[in-house]
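K.L.:
what follows is a predicted structure for the sequence shown.
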Amino acid sequence: MKQKPKFPSCSKEQNSIEKLKWVMACLRDPEKGCPWDKEQDFKSIVKYTIEEAYEVADAIENGNMADLKDELGDLLLQVIYHTQMASEDNVFSFDDVADAVAEKMISRHPHVFGDAEAQSASDVNEIWDDQKAKEKKSDGALSGVTKGLPALLRSYKLQKKAAKVGYEWPDSEGAFKKLEEEIEEFKEATEQTHKEEEFGDLLFCLVNYGRMQGLNAEEALRKANNKFIKRFEGMEADCVKDGVEFSSLSLDEMLTLWRAQK
């Protein structure tokens with residue numbers, strides 16, 4: 001079998017970022033690169049970018065620093081991947097991206113790099129929002145909320161933006177009463193399309209009530225999912241230990257096992 005010509009080895013003088021950029025350029029090389037990597041584009045890769053971001057969040061949630069190191073590397077690879085594809089089309093490079101975000105951080109932290117004063121995290125948030133508004137010059141209060149965000153998180157951000165221009169209940173009690181109202185409307189809905197609409201309204205109001213209580217619905221639900229998995233797997237483990245088939249249990253027996261996990 002004819003041996004493929006090898007790429008020049010990565011120079012010892014190259015730092016770790018340059019080495020990773022070199023690896024990606026090799027993978028995308030039109031002649032000697034990886035067949036799978038050469039076929040990818042921004043749209044085909046974005047799902048992996050999203051997955052890697054969530055895997056970083058999982059590693060942090062689990063407190064596993066070894067996993068976090070690996071997952072951050074995978075996420076960094078996604079940045080390198082996208083910038084490599086962009087550089088192939090002469091749109092922008094990794095250095096362009098890094099320089100732009102560095103300048104943005106300098107601009108949005110005048111209390112660090114300029115003469116502004118900030119005594120608390122609240123002060124910093126206000127400065128950040130002011131600087132961001134100057135940069136974006138948006139057409140409306142809700143502009144700039146990414147459509148691709150998970151629905152709960154997007155609701156949270158939309159409501160937060162609306163609240164900044166005064167569209168908010170005076171206190172969380174008003175939000176809770178609206179939540180109760182939406183529960184009743186959902187219970188009264190009969191047609192499936194109407195049920196879906198009312199269920200959406202109910203979720204939206206629940207996110208808003210949580211926000212006014214200082215809670216992020218996306219984070220809360222993610223933790224609830226992890227808690228459910230831990231308890232459910234504990235139930236299954238108890239069944240294996242006792243030589244019982246989990247699926248053969250009645251609901252009452254399953255609930256007894258569930259309470260034991262709590």
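P.N.:
Structure received. Numbers count the residues shown, from 1 in each chain.

K.L.:
just the helices in the chain please.
P.N.:
Taking DSSP state H as the criterion, the chain contains helices spanning 16-27, 35-39, 42-62, 65-88, 94-108, 110-113, 121-136, 151-164, 172-188, 192-212, 217-242, 251-261.

K.L.:
which of those sits closest to residue 142?
P.N.:
Evaluated over the helices of the chain, closeness to residue 142 peaks at helix 151-164, with 5.4 Å, by CB to CB. C-betas here are computed from N, CA, C, even on glycine.

K.L.:
would you mind getting the angle between the closest one and helix 192-212?
P.N.:
Here helix 151-164 runs at 60 degrees with respect to helix 192-212, directions being taken by axes from the mean of the first three to the mean of the last three CA atoms, to 10 degrees.

K.L.:
may I see the buried residues of helix 151-164?
P.N.:
In terms of neighbour count (16 or more other CB atoms under 10 Å), helix 151-164 has its buried residues at 152-159, 161.

K.L.:
from the rest of the structure, what touches that helix?
P.N.:
129, 141-142, 144-147, 149, 168, 203-204, 207-208, 211, 216-218, 221 (CB atoms under 8 Å, 6 or more residues apart in numbering).

K.L.:
swap in stretch 211-222?
P.N.:
With CB under 8 Å, 6+ apart as the contact definition, stretch 211-222 has outside contacts at 57, 61, 150, 152-153, 155-156, 159-160, 163, 168-169, 171-172, 175, 206-207, 210.

K.L.:
and the helices of the chain as JSON lines, adding mean pLDDT?
P.N.:
Shown next, in JSON lines, are these (pLDDT from 0 to 100):
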{"stretch": "helix 16-27", "mean pLDDT": "93"}
{"stretch": "helix 35-39", "mean pLDDT": "96"}
{"stretch": "helix 42-62", "mean pLDDT": "92"}
{"stretch": "helix 65-88", "mean pLDDT": "97"}
{"stretch": "helix 94-108", "mean pLDDT": "94"}
{"stretch": "helix 110-113", "mean pLDDT": "91"}
{"stretch": "helix 121-136", "mean pLDDT": "81"}
{"stretch": "helix 151-164", "mean pLDDT": "93"}
{"stretch": "helix 172-188", "mean pLDDT": "96"}
{"stretch": "helix 192-212", "mean pLDDT": "96"}
{"stretch": "helix 217-242", "mean pLDDT": "93"}
{"stretch": "helix 251-261", "mean pLDDT": "95"}
